[in-house]
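Student: Sequence and predicted structure, then a few things I'm wondering about:
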Amino acid sequence: MFRASSNRWRWPHALVAAYALWCWLDALWLDAPYGYDLAAGIVVAGALAWATFAMRLQGMAPAICRVRGDTRQIFLTFDDGPDPATTPAVLGILARHDAHATFFLLGEKVEAHPELTRELCARGHTVAIHGYRHSWKSFLTPRRAKDSIVRAREVVRAATGRAPIFFRPPYGVVTPATAIALAVTGMRLVGWTIRSWDTVGWNSPDAILARVVERLSPGAIVLLHDAPERAGARAPCGPAILERLLTAIVESGLDAVGLDEAALLEL
Ligand SMILES: [Zn+2]
């Protein structure tokens, strides 16, 4: 049976952040010397940044970053699609290896390519959402964050007849606004165990593949991309390494599957 690695609030992190914030405000109220205000402010900013950018620390919201249990399964995830220029090749490679994955889709691309979204479902992959647009603006306020999630969820529902339950925010950034939007919409936050960095240019595809392969382990969630985040953005090398990655997965005795909505919902 599945068990997500951590599906509860990590209260110590929230308490540390709250304590730092309180110290800062108290220093301001006490009219403490400037250096104390500054130091406390840096601690507050650091605590917030820590919780915002490191989803696995669960500082803002509970996130599924690994699936534990008696399993030989591994969970490939693809962000930023669907894109008719790149996604069909990914689907073809997955089918050849009898593998399944989870796709974190952008609402505006689903709207543009509903047939491709339906094909993802028809092929047995798990469909999840990555927000309506790939924009940092979507995590500025709770209302914007909620609207992005709800809009993406609705276009996927309109295209496939199924409402997704998993959400991964653009850039993996979880702000307080994102956390509130998750609570309001009931979506489950999904992070990753292995980040491939397949959209950055400083590593060769071979180096990226080697980095992912050496970290393969049962229950790991692997972050890949099947499309550039928007037209003109750098094309990810995830599709180019997928064939060799799936071979390595099989050689490791692992089975690539999609995240199981029914099993993970019960957590
Ligand atoms: Zn993305």
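Tutor: Sure, I can see it. Numbering: from 1, shown residues only.

Student: Run through the residues of the stretch 101-250 of the chain sitting next to the ion.
Tutor: Pro170 (C-beta under 5 Å from the ion). Every residue, glycine included, has its C-beta placed from N, CA and C.

Student: can you give me the helices in the stretch 101-250 of the chain?
Tutor: In the stretch 101-250 of the chain, the helices defined using DSSP state H, counting those that start in this stretch lie at 107-112, 114-122, 142-160, 176-185, 205-215, 238-251.

Student: buried stuff in the second one?
Tutor: Taking 16 or more other C-beta atoms under 10 Å as the basis for neighbour counts, the residues of helix 114-122 that come out buried are Pro114, Leu116, Thr117, Arg118, Glu119, Leu120, Cys121.

Student: Would you reformat these as CSV and include pLDDT?
Tutor: Formatted as CSV, those follow (pLDDT from 0 to 100):
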residue, pLDDT
Pro114, 97
Leu116, 98
Thr117, 98
Arg118, 98
Glu119, 97
Leu120, 97
Cys121, 96
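
Student: So which of those is the closest to Gly201?
Tutor: Leu116 (26.5 Å; C-beta to C-beta).

Student: For Ala183, which non-adjacent residue is spatially closest?
Tutor: Nearest-residue entry for Ala183: Ala61, 7.7 Å, with adjacent residues in sequence omitted and distances by C-beta to C-beta, 6 or more residues apart in numbering.

Student: where does that neighbour fall, helix, sheet strand or coil?
Tutor: Counting by DSSP: H, G, I helix; E, B strand; the rest coil, the backbone at Ala61 sits in coil.

Student: For it, give its distance to Trp24.
Tutor: When distance is defined by C-beta to C-beta, to the nearest Å, Ala61 is 23 Å away from Trp24.

Student: Could you do Pro228 as well?
Tutor: Counting by C-beta to C-beta - Pro228 and Trp24 are separated by 40 Å.

Student: can you check Val213 too?
Tutor: Taking C-beta to C-beta, one finds Val213 at 44 Å from Trp24.

Student: Look at these two and report which has more neighbours.
Tutor: Trp24 (22 against 17; other C-beta atoms under 10 Å).

Student: Might one say that Arg195 is in contact with Leu223?
Tutor: Yes: Arg195 lies in contact with Leu223 (C-beta atoms under 8 Å); the separation is 4.8 Å.

Student: More neighbours: which of those two?
Tutor: Leu223 (23 against 16).

Student: Show the contacting residues for the more buried one.
Tutor: Thr77, Asp79, Gly172, Trp192, Ile194, Arg195, Ser196 (C-beta atoms under 8 Å, 6 or more residues apart in numbering).

Student: Centroid-nearest residue for this structure?
Tutor: Centrality entry for the chain: nearest residue to the mean C-alpha point is Arg168, 3.4 Å, by C-alpha atoms, centre = their mean.

Student: tell me the contacts of the residue lying closest to that one once chain neighbours are set aside?
Tutor: If the residues on either side of it in the chain are set aside, Arg168 comes closest to Phe104, at 4.6 Å by C-beta to C-beta, 6+ apart. Applying C-beta under 8 Å, 6+ apart, we find Phe104 in contact with Thr77, Phe78, Asp79, Asp80, Ala128, Ile129, His130, Phe166, Phe167, Arg168, Val190.

Student: Give me the buried subset of those residues.
Tutor: Thr77, Phe78, Asp79, Asp80, Ala128, Ile129, His130, Phe166, Phe167, Arg168, Val190.
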